[in-house]
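> Here's a sequence, model it:
(one chain, ligands or ions: 1)
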Amino acid sequence: MSLVRLLATGGTIASRRESGGHRATATGAEILATTTVPADCRVSITDAATVGSFAWQWPDLLALLRRIDDALKDGVDGVVVTHGTDTMEEVAFLTALAHDDPRPVVFTGAQRPLDHAAPDGPANLGDALLVASDPLARERGVLVSFDGRVHPARGTTKVDTLSTRGFTAPGRGPVLRLAGGRVQPLAPAARPSALPLDVTAEALPRVDVIPLYVGADDTLLRSALHAGSEGLVLAAFGAGNANPTLVGAIRDCGVPVLVCSRVPSGPVVPMYRGGGGMDLAEAGALFGEDLSPWQARMLLAVALAGAPHSPEELIRRWLAA
Ligand SMILES: NC(=O)C[C@H](N)C(=O)O
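Residues are numbered from 1 along each chain as shown. Here you go, the predicted structure:
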């Protein structure tokens, strides 16, 4: 018999039509009642929140991490988090950064509401429970299980606003798949390294994402600094390029800058002059490999919380691990 904790947080999987729009209102017990619990699996439920994932703030996220820790301390074999899809890639990745345990934490959700004629939530939840209770999911860190495929949190991104095949990990691919009611491995187990994170904190340091677009100036970067940003992530062009104005602003900005790309797939590398990545690197920016800007923001925030004076060192080590 395996024990799984279901942590319900809201999202479309918990949403119904209400006053002309959809709203997360269903409890974990109501969501669980829509699916078939795998044989030999006992599920305990914690209602952590009942919100659209677009509404999360730092205190909610840290409270969720504490609930996950509590579940693991209670001795469960795995945790399933039902979550809105809009920010699942960020929250699952934040969880992965803090997760240092062989037992799986599996995020899932739905693209169609609970009261839809053909909802996808019941099958997704049933799959996630299977994954969380299967030894094949151990030593794989935090996973996102959706539409029969399971991706590690790192690299996973929402690729369709409404389709039930909502997630992929561009350039990486799934590590497990569900077929015929069984979990099948597609890649050897590997658990990413964790970073120290004090989950009793109320918030993490402020990190803002600055998008690059043709003709962008340094207005957004300066307002982020004015608002108190302790670190910046660039959603840069191509393989990590900006422009001469941004390079100048970054040289003088006084906070760590992590360069990522606005392109969905592939690493960033310092290559070009004239405002490109080579100039960004010389201006002191760090390059975030193939992390999306949203996941890189979590990494920089956690690194700043753990090592306020040397987050770059922590990030370099984490990226190299
Ligand atoms: N499909 C979903 O779950 C989207 C929803 N807006 C959310 O993120 O909460």
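
> What segments of the stretch 51-200 of the chain are helices?
58-73, 88-98, 121-132 (DSSP state H, counting those that start in this stretch).

> Ok, which of those comes nearest the ligand?
Smallest distance to the ligand across the helices of the stretch 51-200 of the chain (CB to the nearest ligand atom): 7.2 Å, for helix 88-98. C-beta: built from backbone N, CA, C; applies to glycine.

> quick one: contacts for Asp147?
Asp120, Asn124, Thr164, Arg165, Gly166, Phe167 (CB atoms under 8 Å, 6 or more residues apart in numbering).

> Leu64 too?
Leu64 neighbours (CB under 8 Å, 6+ apart): Leu7, Thr9, Ala48, Ala49, Val81, Val91, Thr95.

> Give me the subset of the residues you listed that lies in strands.
Residues from those lying in strands, with DSSP state E as the criterion: Leu7, Thr9, Ala48, Ala49, Val81.

> Can you get me a residue count around the last one?
Residues lying near Val81 (other CB atoms under 10 Å) number 29.

> cool, and the first one?
Counted with other CB under 10 Å, residues neighbouring Leu7 total 23.

> Ok, the fourth one next?
Counted with other CB under 10 Å, the neighbours of Ala49 add up to 21.

> Hmm, it is touching Thr9, no?
Yes - Ala49 is within contact range of Thr9, at 4.5 Å (criterion: CB atoms under 8 Å).

> Okay, Arg16 and Arg112: tell me how far apart.
For Arg16, the distance to Arg112 equals 11 Å [CB to CB, to the nearest Å].

> tell me the secondary structure for the residue lying closest to Gly171 once chain neighbours are set aside?
Using CB to CB, 6 or more residues apart in numbering and skipping residues adjacent in sequence, the residue nearest Gly171 is Ser265, 4.5 Å away. At Ser265 the chain is in coil, as set by DSSP: H, G, I helix; E, B strand; the rest coil.

> ok, now which ones touch Ser265?
Pro170, Gly171, Asp290.

> Quick check: the gap between the residue in the chain that the ligand sits nearest to and Gly238.
Residue nearest to the ligand within the chain: Gly84 (2.1 Å; CB to the nearest ligand atom). Going from Gly84 to Gly238 by CB to CB gives 30 Å.

> These two: which has the busier surroundings?
Gly84 (24 against 16).

> what sits against that one?
Thr9, Gly10, Gly11, Thr12, Ile13, Ala24, Val51, Gly52, Ser53, Phe54, Gly109.

> Could you find the closest non-adjacent residue to the fourth one?
Once its chain neighbours are removed from consideration, Thr12 has its nearest residue in Ala110; the separation is 4.9 Å (CB to CB, 6+ apart).

> Touching, the one you found and Ile13? I think so.
Yes - the pair Ala110 / Ile13 is scored as a contact, 3.8 Å apart, by CB under 8 Å.

> now what about the helix or strand where Val233 lies, what contacts it?
Taking DSSP states H and E as the definition, Val233 sits inside strand 231-236. Applying CB under 8 Å, 6+ apart, the external contacts of strand 231-236 come out as 205-212, 221, 224-225, 240, 242, 246, 250, 253, 255-262, 268, 277, 280, 285, 288, 293, 296-297, 300-301, 304, 311.

> In helices, which of those appear?
Per DSSP state H, helices hold the following members of the contacts of strand 231-236: 221, 224-225, 246, 250, 277, 280, 293, 296-297, 300-301, 304, 311.

> Could you tell me how far the residue of the chain closest to the ligand is located from Ile68?
According to CB to CB, Gly84 and Ile68 sit 17 Å apart.

> can you check Leu234 too?
Taken as CB to CB, the span from Leu234 to Ile68 is 30 Å.

> ok, now Val105?
According to CB to CB, Val105 stands 6 Å off from Ile68.

> Report the set of residues contacting both of the two.
Val79, Val81, Thr95, His99.

> and the residue of the chain positioned farthest from its centre, what helix or strand is that in?
Distance from the C-alpha centroid of the chain peaks at Gly274, with 33.3 Å (CA atoms, centre = their mean). Using DSSP H and E, Gly274 sits within no helix or strand.
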